[in-house]
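Engineer: Mind folding the following:
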Amino acid sequence: MPTDISKRFFLIKNNKSGKEKWIGESEWAAHDVAAWSKIKACRLREHLDPMGFPAKLYRKEFVTAEGKETTDIKFYWEEDGGAVIDGCDMGPRVEEWFGDWDYEYSMKVKKNDIPKFLYLILKDSFNSSEPLTYGRLRKICAGNGIETKTFSWS
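Structural biologist: Presented below is the predicted three-dimensional model:
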């Protein structure tokens, strides 16, 4: 039996406890309207747009003998449905290696490759004790026939 995916979602709040949660539109009827209030409603597509989707994936700041180092990884959807992962490494080590205080990099996956890309990331992440890195993402794509558009700048 196919899964019915809601097209609209509500962020609701329990008026007594203050607890908030997201529910599908079809679930709203099962909630006591005296106990729960709708805070926000959005369509499925809004969950994928940059304004409704958390753009920051990862940020790590640490201090070395040379100074503060930072890695920042962000995600967003392009208008054509492709996914973009942007990263920036900053700090003295980056400057020593690349000659500039920051190193920017980006990878775009085409819309048609998103399901395969997502599957491969999940499979790799669940079967690895190592953290997922930008470099590993590129290797996963290259090793599985997912064409990416990459960019780097220092």
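
Engineer: How far off centre is the lengthiest helix in the chain?
Structural biologist: Counting by DSSP state H, the longest helix found in the chain is helix 114-126. Here helix 114-126 is found 13 Å from its chain centre; the criterion is C-alpha atoms, centre = their mean, to the nearest Å.

Engineer: name the helices or strands packed onto that helix?
Structural biologist: The contact analysis (3 or more C-beta pairs under 8 Å, 6 or more residues apart in numbering; DSSP states H and E) places helix 114-126 against helix 134-143. All C-beta atoms are positioned from the backbone trio N, CA, C, and that covers glycine.

Engineer: quick one: buried residues of the helix it packs on?
Structural biologist: Y134, L137, R138, I140, C141 (16 or more other C-beta atoms under 10 Å).

Engineer: Check stretch 35-44 too.
Structural biologist: Neighbour-count burial for stretch 35-44 flags W36 (criterion: 16+ other C-beta under 10 Å).

Engineer: Ok, stretch 101-120 next?
Structural biologist: Buried, per 16+ other C-beta under 10 Å, within stretch 101-120: Y103, Y105, S106, M107, K108, V109, K110, D113, F117, L120.

Engineer: Summarise which helices and strands the longest strand belonging to the chain is packed against.
Structural biologist: Secondary structure of the chain per DSSP state E: the longest strand is strand 67-77. When contacts are defined as 3+ C-beta pairs under 8 Å, 6+ apart, strand 67-77 packs onto strand 56-64, strand 83-90, helix 92-98.
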